[in-house]
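Engineer: Output the structure for:
(chains A and B)
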Amino acid sequence: NAGVTQTPKFQVLKTGQSMTLQCAQDMNHEYMSWYRQDPGMGLRLIHYSVGAGITDQGEVPNGYNVSRSTTEDFPLRLLSAAPSQTSVYFCASSPRRGAGNIQYFGAGTRLSVL
Amino acid sequence: AQTVTQSQPEMSVQEAETVTLSCTYDTSENNYYLFWYKQPPSRQMILVIRQEAYKQQNATENRFSVNFQKAAKSFSLKISDSQLGDTAMYFCAFNRGNDNTDKLIFGTGTRLQVFP
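Structural biologist: Okay, the predicted model is just below:
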């Protein structure tokens, strides 16, 4: 009963390094998204996807890339990490396209950029 | 643009008592959805309750209920018979129905401490 799985749980990077945060769901959900959580700011949407092959930008997309080659996976790429990207990252999915669906979240990845 | 405001950064309540968390939002639209999510110390975000704006009836889930005041753009969460396991951050979130996506706009959260 995996749900939404994020790896790694913790990561430390140096400024300028690149990395990919992995997100996989086994519920055949169409919609997937990435949020970042910063102290005092709640969660903010980075990128989202309404289905395989379709992605779009959220509120804070700069510095991040995504792709959706399969229904199950939605990786988030940091091409050149910056200290401002230190945050907790959450992946979420929901069953179908459209509004108002319940979203299921992963356990998060805590990223520190030094 | 839509905004969600949670004006109580921290709240505390004694076990078995009732507590209400406030949330207000700003939108010019008529079709939207509202959510409360709970984030315990484990960090996992868990849905507490969901409200459809076109439904006048307030949503309830066991000990959790909402007071949805559409005209006032208010969506408060009432937790009855508080339990130690209710200790968590609580986030109010807004989804714009006309967007036809599940994009959420979150408030800044309220940290709830339930003490014995």
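
Engineer: Need the nearest residue in space to the most centrally placed residue in chain A, chain neighbours excluded.
Structural biologist: By CA atoms, centre = their mean, chain A has its centre lying nearest to residue A:34, at 2.9 Å. In space, residue A:34 comes closest to residue A:46 once its chain neighbours are excluded; the distance is 4.4 Å by CB to CB, 6 or more residues apart in numbering or on different chains. C-beta: built from backbone N, CA, C; applies to glycine.

Engineer: List the beta-bridge partners for the most centrally placed residue in chain B.
Structural biologist: By CA atoms, centre = their mean, chain B has its centre lying nearest to residue B:36, at 3.2 Å. Beta-bridge partners recorded for residue B:36 (DSSP bridges): residue B:49, residue B:92.

Engineer: re earlier: wouldn't the residue nearest to residue A:34 be in contact with residue A:36 here?
Structural biologist: Yes - if you go by CB atoms under 8 Å, residue A:46 and residue A:36 touch, sitting 5.9 Å apart.

Engineer: what touches both of those two?
Structural biologist: Residues touching both residue A:46 and residue A:36 (CB atoms under 8 Å, 6 or more residues apart in numbering or on different chains): A:60, A:89.

Engineer: In this structure residue B:11 contacts residue B:110, no?
Structural biologist: Yes - under the criterion of CB under 8 Å, residue B:11 makes contact with residue B:110 at 5.8 Å.

Engineer: Tell me which of these two has more neighbours.
Structural biologist: Under the criterion of other CB atoms under 10 Å in any protein chain shown, the comparison of residue B:11 against residue B:110 puts residue B:110 first, with 22 against 16.

Engineer: For that one, give its distance to chain A.
Structural biologist: Distance, residue B:110 to chain A, using CB to the nearest CB, to the nearest Å: 11 Å.

Engineer: bridging residues for that residue?
Structural biologist: Where residue B:110 sits in a bridge, its partners, by DSSP bridges, are residue B:90.

Engineer: Wasn't residue B:42 part of a strand?
Structural biologist: No - under DSSP: H, G, I helix; E, B strand; the rest coil, residue B:42 falls outside any strand and is assigned coil.

Engineer: check contacts around it.
Structural biologist: So residue B:42 contacts residue A:107 (CB under 8 Å, 6+ apart).

Engineer: Same check on the one 4 residues further on?
Structural biologist: Shown here is residue B:46, whose contacts under the criterion CB under 8 Å, 6+ apart are A:105, B:37, B:38, B:39, B:40.

Engineer: hmm, try it at 7 Å
Structural biologist: Residue B:46 makes contacts with B:37, B:38, as judged by CB atoms under 7 Å, 6 or more residues apart in numbering or on different chains.

Engineer: Please apply the same query to residue A:35.
Structural biologist: A:43, A:44, A:45, A:46, A:90, A:92.

Engineer: if I look at it, how far off is residue A:44?
Structural biologist: 6 Å (CB to CB, to the nearest Å).

Engineer: try residue A:51
Structural biologist: Taken as CB to CB, the span from residue A:51 to residue A:44 is 23 Å.

Engineer: which of the two has more neighbours?
Structural biologist: Set residue A:51 next to residue A:44 and count neighbours by other CB under 10 Å: residue A:44 wins out with 17 against 14.

Engineer: Show me whatever sits in contact with both of residue B:11 and residue B:110.
Structural biologist: residue B:21.

Engineer: that older thread, close enough to count as contact, the residue nearest to the centre of chain A and residue A:93?
Structural biologist: No - assessed by CB atoms under 7 Å, residue A:34 is found out of contact with residue A:93, at 10.7 Å.
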